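Visitor: Structural data only, the sequence is not supplied:
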Ligand SMILES: Nc1ncnc2c1ncn2[C@@H]1O[C@H](COP(=O)(O)OP(=O)(O)OP(=O)(O)O)[C@@H](O)[C@H]1O
């Protein structure tokens, strides 16, 4: 967070300077009151007239400073909050895919919205308030010392009391604000679930249950907010009443000196006003400290996230793919469950590989490991002679592309959903559109390539979306293409046509996870890898495996019967 303040040090300095000037000017009012009272008592009309003119100029100046200081402050807040959000967002995209999925995406949404808002209100704005109030406190104390050192000393000593109050509530405020922030996060998570699952909720008639669950979560959030406000109110009430107590004592002291004639009435008026200016910042400072303490854990959480170097794979590698990918004794577990066991595999450049096996045998996990989704495996994966773990994400995704079963579509034009905001030569775009079978889809649309895709492609069928995913991968022209049930939503004929056109691309290394055991397609693969319970139990060409009459043979027989 300090980094962010430093980044905008100039705008911070300007905001602080103007805030100090604005708050210091306010004490001028006390002196005007003193001089006006003195002029009234001495019936000096001339002085009264001069003071009125001076006061008008003073108030114009104060108006200008107040306005400029507010603008400078708003500008500073706009800069730091914008920069903080950009930093969090950038850091999110430095996460590896696997690390990103360790948390519910609503947690990130909550961090970018709720937590940033809490920090804006209770940290960044409060830093400026703290400076403003402290400067007002210092200037007022100096003015009081100048007017009456003894009254000033008593007032300053008594004012230490409200300042000690936030310290007593430190831990409680921090805990309750953390609980409040967590409940806001849970609420955001639930909202995301309800909206994503809208169709399921409606079609299973579970609206009532969901509304009940929503209301419980909503009430919990409000209850946690109330608990926080309760502690905050208690702290603020203590600060406020102790300030009132101080005010009364100092007024009484000033009145005593005025009655015994050792100070003039004008001075007494100035002291009363100055004590007010002293007490307000004291109370405010104790509120501000309490408020800033309350977001300490949120601030630490964001600081930790922004500084977490180990989750970022920023090494600038420059690997290329010329020979093979080698997997040596690869084992992988999700928590305590072993999903892949001692996998040894060589995938050569330009060859086509099919990964087949029963449901849950580990096909997708193997494909994701090759893609570098997970880096916490046992064994070694090498791309040519380079350890896969030392290759940056950016470098790796320039070499390989994966097409998943579920396709995400952006709210944008068809062409932007194919090229994904990059520039490609027209002939490559045309080729990708044709090979993926998207040409028929595009020509059927009035606006062609410029037709708009809305709400994650709800105006397209599952099969059409898969064609988009294939076109995206083809236009990117990476050396390695990994497909995970990428044609599962397409009819057999279209799926076969697309798969055939991919399997005939010469230089492409294709690794295809498939359930569709189609003889004519399977014959096109250089090697079929059969997985069972996380182990490779056989591998070879279609003919070799059929001759062996083992697992692959059995799977094929089952699929064709
Ligand atoms: N993110 C995950 N967390 C925990 N377990 C997982 C995760 N992903 C997969 N698994 C488990 O790992 C095992 C292998 O899953 P995987 O998706 O690799 O199998 P698969 O052969 O591709 O299955 P299918 O053909 O049904 O898609 C399964 O038992 C699955 O439950």
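Guide: Structure's in. What do you need? Values in this document were obtained by computation on a predicted structure and should not be read as measured data.
Visitor: Quick check: residue 537 touching residue 551?
Guide: Yes. Under the criterion of Cβ atoms under 8 Å, residue 537 lies in contact with residue 551, with a separation of 5.5 Å. C-betas here are computed from N, CA, C, even on glycine.
Visitor: Which one's more surrounded, the two?
Guide: residue 551 (17 against 14; other Cβ atoms under 10 Å).
Visitor: all helices for the stretch 151-300 of the chain, in order.
Guide: The residue ranges that make up the helices of the stretch 151-300 of the chain, judged by DSSP state H, counting those that start in this stretch, are 198-203, 207-259, 265-294, 296-307.
Visitor: and among these, the most buried is which?
Guide: Taking mean count of other Cβ atoms under 10 Å as the contact definition, the stretch among the helices of the stretch 151-300 of the chain with the greatest mean neighbour count is helix 265-294, which reaches a mean of 22.
Visitor: so what's residue 551 up against?
Guide: Applying Cβ atoms under 8 Å, 6 or more residues apart in numbering to residue 551 gives the contacts 530, 532, 537, 538.
Visitor: what is the orientation angle of the helix or strand where residue 59 lies with helix 296-307?
Guide: Of the helices and strands defined by DSSP states H and E, residue 59 is found in helix 45-92. Counting by axes from the mean of the first three to the mean of the last three Cα atoms, to 10 degrees, helix 45-92 lies at 50 degrees to helix 296-307.
Visitor: immediately after helix 45-92, which helix or strand?
Guide: Heading C-terminal from helix 45-92, the first helix or strand you meet, by DSSP H and E, is helix 97-100.
Visitor: Tell me the spacing between the closest residue to residue 58 other than its chain neighbours and residue 184.
Guide: In space, residue 58 comes closest to residue 28 once its chain neighbours are excluded; the distance is 5.8 Å by Cβ to Cβ, 6 or more residues apart in numbering. Here the criterion is Cβ to Cβ, to the nearest Å. By it, residue 28 lies 43 Å from residue 184.
Visitor: does residue 528 sit in a helix or strand, and which one?
Guide: Here residue 528 is covered by strand 527-532, with elements defined by DSSP H and E.
Visitor: List the contacts of that strand.
Guide: With contact meaning Cβ under 8 Å, 6+ apart, strand 527-532 is reached by 345, 351-358, 361-363, 366, 522, 536-542, 545, 551-552, 555.
Visitor: Which of the residues you listed fall within strands?
Guide: Taking DSSP state E, the ones among these that sit in strands are 345, 352, 353, 354, 355, 356, 357, 536, 537, 538, 539, 540.
Visitor: If I take the host helix or strand of residue 347 and strand 352-357, what angle do their directions form?
Guide: Assigned by DSSP H and E, residue 347 falls within strand 337-348. Angle of strand 337-348 versus strand 352-357, following the same axes, to 10 degrees, is 160 degrees.
Visitor: interface residues of this structure facing the ligand?
Guide: Applying Cβ under 6 Å from any ligand atom, one finds that the chain approaches the ligand through 334, 339, 357, 359, 360, 361, 362, 363, 364, 365.
Visitor: Next, the contact list for the residue lying closest to residue 403 once chain neighbours are set aside, please.
Guide: Leaving aside its chain neighbours, residue 403 sits nearest to residue 486 (3.9 Å; criterion: Cβ to Cβ, 6+ apart). Taking Cβ under 8 Å, 6+ apart as the criterion, residue 486 is in contact with 403, 404, 405, 466, 469, 470, 512.
Visitor: what do you get if the cut-off is 10 Å, keeping everything else the same?
Guide: Neighbour list for residue 486: 402-405, 407, 436, 466-467, 469-470, 473, 495, 498-499, 502, 512-514 [criterion: Cβ atoms under 10 Å, 6 or more residues apart in numbering].
Visitor: And it, how close does it get to the ligand?
Guide: Between residue 486 and the ligand the distance, using Cβ to the nearest ligand atom, to the nearest Å, works out to 12 Å.
Visitor: Looks to me like that residue is in a strand.
Guide: No. Membership of residue 486 in a strand is not supported by DSSP: H, G, I helix; E, B strand; the rest coil, which gives coil.
Visitor: so what's the backbone phi/psi at it?
Guide: When quoted as degrees, to the nearest 10, the phi and psi of residue 486 stand at phi -70, psi -10.
Visitor: Thanks a lot, catch you later.
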